[in-house]
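Quick one: sequence and predicted model below, then my questions.
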Amino acid sequence: MTANSAFARIDGKLAVGGVPVDRLADRVGGTPFFAYDRGLLTERIRRLRAILPEDVQLSYAIKANPMPAVVQHLSGLVDGFDVASALEMRTALDTPTPPTRVSFAGPGKTDAELRQAVAAGVTIELESDNEAARIAATGAALGLRPRVAVRVNPDFAVKGSGMRMGGGPQQFGVDSECVPELLKELAATDLEVLGFHVFAGSQNLRADVIAEAQTRTVDLLLRLAADAPDEIRYLNLGGGFGIPYADRDDPLDLAAIGVSLAGLMRDRVRPQLPDARVVVELGRYLVGECGVYITRVVDRKQSRGRTYLVVDGGLHHQLAASGNFGQVIRRNYPIAVANRIDAEPAEQVTVVGSLCTPLDLLGDQVTLPRADVGDLIVVHQAGAYGLTASPTAFLSHPAPAEVLL
């Protein structure tokens, strides 16, 4: 796949935040490292806002990239945060975003995490009746009324998602057919039931499928709202917006999603829930294409007709790019020679990392300009699920730096 054209080029070199990549490597202190472009993040959200209905809010799923500087920057651009651990919650609460705009989702929340969440006043998206009971007990012990939303496991699956998180049996959420009974139980507790959350799938590139999923989600949640003990003030419709990772991937048609969502809000949501806060929750889509992974060639070798570029990074920082993050079929992420970004392709090479495993593969038989020891390789689409989604302790190599420019 060709290099991401969103990043600037200065004197034939990739630039992040206006800094050429070779100078950036000196500024960071070496390679490998991740670099995120705040200008691209800002522009990404501006474009998204332009297609979303004005009464739909935007929440950032911190799991996609929890770097504190990134989260701080996004706090001024999004309406709230979704977190999946106590540390992510702390990162969100360190920003100006009020706790009431932070939601805490995920199965297996510990008693300590629930205590922190109730004390902070964030919205807990409860995943089971057991969790609901523990939240109620925590609230009673603290003398506080916990804010909760019921995470619903829908009775449908979203086709074409990279990872299915709804439909069928799931560790996520309460099965939709069991929600009415749970709502009756919640009515007898001192929990403030704000509404519902559905997240049915991730990394989907088909606008028609996402629009259908949003329609079915809205219809389901409006039916469930009739059994809620309190007025529904919060609907989280999830996200799942995908980004292209290979040449055959077409970018998501945002405009089509915007038109569909506007119709849903006008015709279905607002007539029944005129004051509810409606949220679309996105992670990868906001940050994925705004980051790069930079690694340096440390060896060039031939083996039985194949040329290998060995770099000082690898799968311990970029598990997804290596093809070992749940992909059924491995595909090369967009990769380029960062300090020769405008040079013509000259040879076919295989880019491998510095680990003692054949799984450490960043680019399999990719066509690049000739690269030698000392040149810089860039892996694009590295802004989401990079460092924190990788086995950084594997083989005890140093951790890479992260910078936001």
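Yes, it's here.

Three-state assignment for the residue nearest to G323 when sequence neighbours are not counted, please.
Sequence neighbours aside, R330 is the residue nearest to G323 in space, at 3.1 Å (criterion: Cβ to Cβ, 6 or more residues apart in numbering). Every residue, glycine included, has its C-beta placed from N, CA and C. Recorded secondary structure, R330: coil (DSSP: H, G, I helix; E, B strand; the rest coil).

ditto for Y285
Here Y285 is recorded as helix under three-state DSSP.

Could you tell me the model confidence score at it?
Taken from the predicted model, the pLDDT recorded for Y285 is 96.

what is the spatially closest residue to it that is not a sequence neighbour paired to in the beta sheet?
By the measure of Cβ to Cβ, 6+ apart, the closest residue to Y285 outside its immediate chain neighbours is F241, 3.8 Å from it. With DSSP bridges applied, F241 shows beta-bridge pairing to N204.

ok, F241 touching P251?
No: distance between F241 and P251: 10.3 Å, which falls outside the contact criterion (Cβ atoms under 8 Å).

Of those two, which one has the most company?
Ranked by neighbour count (other Cβ atoms under 10 Å), F241 and P251 place F241 first, with 23 against 10.

show me what contacts the more buried one?
With contact taken as Cβ atoms under 8 Å, 6 or more residues apart in numbering, F241 is in contact with N204, I210, L252, L254, I257, L282, R284, Y285.

ok, so of the residues you listed, who is nearest V71?
Proximity of the contacts of F241 to V71 was ranked by Cβ to Cβ; the top entry is L282 with 13.9 Å.

Backbone dihedrals for that closest one, both of them.
Recorded main-chain torsions at L282 are phi -130, psi 150, according to degrees, to the nearest 10.

check contacts around the spatially closest residue to R268 that is not a sequence neighbour.
Ranked by Cβ to Cβ, 6+ apart and with sequence neighbours excluded, the top spatial neighbour of R268 is V218, at 5.5 Å. Contact criterion Cβ under 8 Å, 6+ apart gives L235, L237, L264, R268, V269 as the residues in contact with V218.

quick one: secondary structure of V278?
Following three-state DSSP, the label given to V278 is strand.

biggest separation within the contacts of V218, which pair?
L237 and R268 (11.7 Å).

higher neighbour count, these two?
Neighbours per residue (other Cβ under 10 Å) separate L237 from R268, with L237 holding more: 25 against 15.

Is it correct that that one is in contact with V278?
Yes: under the criterion of Cβ under 8 Å, L237 makes contact with V278 at 6.8 Å.

next structured bit after the longest helix along the chain?
Once the chain is assigned using DSSP state H, the helix that runs over the most residues is helix 207-225. Beyond helix 207-225 on the C-terminal side, the first helix or strand identified by DSSP states H and E is strand 234-236.

elements contacting the very next helix or strand once past that following strand?
Sequence order places helix 254-264 as the next helix or strand after strand 234-236, per DSSP H and E. Other helices and strands packing on helix 254-264, by 3 or more Cβ pairs under 8 Å, 6 or more residues apart in numbering; DSSP states H and E, are helix 38-51, helix 207-225.

Could you list the domains of this protein?
The record's domain parsing of the chain by automatic domain parsing lists 8-36+289-404, 66-282.

average model confidence for the shortest one?
The average pLDDT within domain 8-36+289-404 is 95.

so what's K13 up against?
For K13, the contact set (Cβ under 8 Å, 6+ apart) comprises P20, V21, D22, A338, N339, R340, I341.

Look up how far P96 lies from it.
For K13, the distance to P96 under the criterion Cβ to Cβ, to the nearest Å works out to 36 Å.

ditto for F172
If you measure F172 against P96 using Cβ to Cβ, the figure is 30 Å.

Also Y293?
Y293 sits 29 Å away from P96, going by Cβ to Cβ.

Look at those two and report which has more neighbours.
For Y293 versus P96, neighbours defined as other Cβ under 10 Å are more numerous around Y293 (28 against 7).

what about the more buried one, helix or strand, and which?
In this structure, Y293 is located in strand 291-303 according to DSSP H and E.

Are there helices or strands packed against the helix or strand that comes right after that strand, and which ones?
Once the chain leaves strand 291-303, the next helix or strand it forms, by DSSP H and E, is strand 306-311. On a contact count with 3+ Cβ pairs under 8 Å, 6+ apart, strand 306-311 meets strand 291-303, strand 347-352.

how about 10 Å then?
On a contact count with 3 or more Cβ pairs under 10 Å, 6 or more residues apart in numbering; DSSP states H and E, strand 306-311 meets strand 291-303, strand 347-352, strand 361-368, strand 376-379.

Show me the common contact partners of L237 and R268, please.
When contacts are counted by Cβ atoms under 10 Å, 6 or more residues apart in numbering, the set common to L237 and R268 consists of T215, V218, L221.
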